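Need coordinates for the following:
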Amino acid sequence: MTMLSVPVSEWVSIVNLMPSYMYRDGRMVEIPDTVLTEDSEIHHPINNRLVIRPGVTATIFASVSGTVRVMSGSTLDARGPVSGTVSVEAGARVTFRSAASGTINVDSGAIAHLMPGAVALGVLHVEGTLINEGTRGVDVSGGGKVEDREGSTVRRPSRTLSDGTTIYEG
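Reported below is the predicted structural model:
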């Protein structure tokens with residue numbers, strides 16, 4: 001297992017699958033994707049597209065912001081907050097232990113698990129299985145299975161805008 005004591009970009013296999021961009025010194029520059037090809041513990045924030053290859057187990061203690069692809073046969077243990085779009089492919093598993101904001105897509109045959117204390121109030125599209133031991137929003141789409149376990153919370157939005165956007169306050 002690899003443990004990071006330097007920024008992710010200095011040791012992880014990096015390839016361009018779908019470019020990300022950011023402004024640096026007033027110019028838009030392309031940011032390479034972060035691709036994990038071996039079991040890893042990451043302690044530094046990731047602010048670009050993250051891909052976890054098949055068979056890889058990743059434990060991320062820092063924040064993740066951007067698009068996350070958890071490929072078939074891989075596992076993500078997200079101990080820090082995650083924002084953006086998370087895609088969990090068939091045969092993959094993701095565990096959230098903090099906040100998960102944005103969109104979570106759980107394919108058929110995949111599992112997403114909200115641990116006690118975790119909160120996911122964004123868009124949840126479940127074709128596989130969502131296990132809730134934390135707090136999730138009331139709106140879940142898809143034909144998958146949602147298990148709200150004892151002690152979990154299903155929270156209704158504070159208000160819904162005319163365009164369908166849900167707002168959670170407090």
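
Just say helix, strand or coil for Pro54.
Following DSSP: H, G, I helix; E, B strand; the rest coil, we place Pro54 in the coil state.

What ranges does the chain have for its helices?
Remark: no helices are assigned in the chain by DSSP state H.

gap between the two ends of stretch 112-120?
One end of stretch 112-120 to the other measures 11 Å (Cα to Cα, to the nearest Å).

tell me which residues in that stretch are buried?
Ala112, His113, Leu114, Met115, Ala118, Val119, Ala120 (16 or more other Cβ atoms under 10 Å). All C-beta spots, glycine's among them, are computed from the backbone N, C-alpha and C.

mean confidence score for it?
For stretch 112-120, mean pLDDT is 97.

which residues sit against that stretch?
Applying Cβ atoms under 8 Å, 6 or more residues apart in numbering, the external contacts of stretch 112-120 come out as 86, 88, 93-101, 104, 106, 126, 128-137, 151-152.

And the buried ones among those residues, selectable in PyMOL?
Those of those that count as buried under 16+ other Cβ under 10 Å are selected in PyMOL with:
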select buried, resi 86+88+93+94+95+96+97+98+99+100+101+104+106+126+128+129+130+131+132+133+134+135+136+137+152
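
Out of the contacts of stretch 112-120, which sit inside strands?
Using DSSP state E to define strands, the subset of those located there is 86, 88, 93-96, 99-101, 104, 106, 126, 129-132, 135-137.

in the sheet, who's paired with Thr85?
Beta-bridge pairing of Thr85 under DSSP bridges involves Thr67, Thr103.

That one is in contact with Val68, isn't it?
Yes. Under the criterion of Cβ atoms under 8 Å, Thr85 makes contact with Val68 at 7.1 Å.

which one of those two has more residues nearby?
More crowded of Thr85 and Val68, by other Cβ atoms under 10 Å: Val68, with 27 against 16.

nearest residue to the most centrally placed residue in the chain other than its sequence neighbours?
By Cα atoms, centre = their mean, the chain has its centre lying nearest to Val86, at 4.0 Å. Leaving out its chain neighbours, the residue that sits closest to Val86 by Cβ to Cβ, 6 or more residues apart in numbering is Val68, at 4.5 Å.
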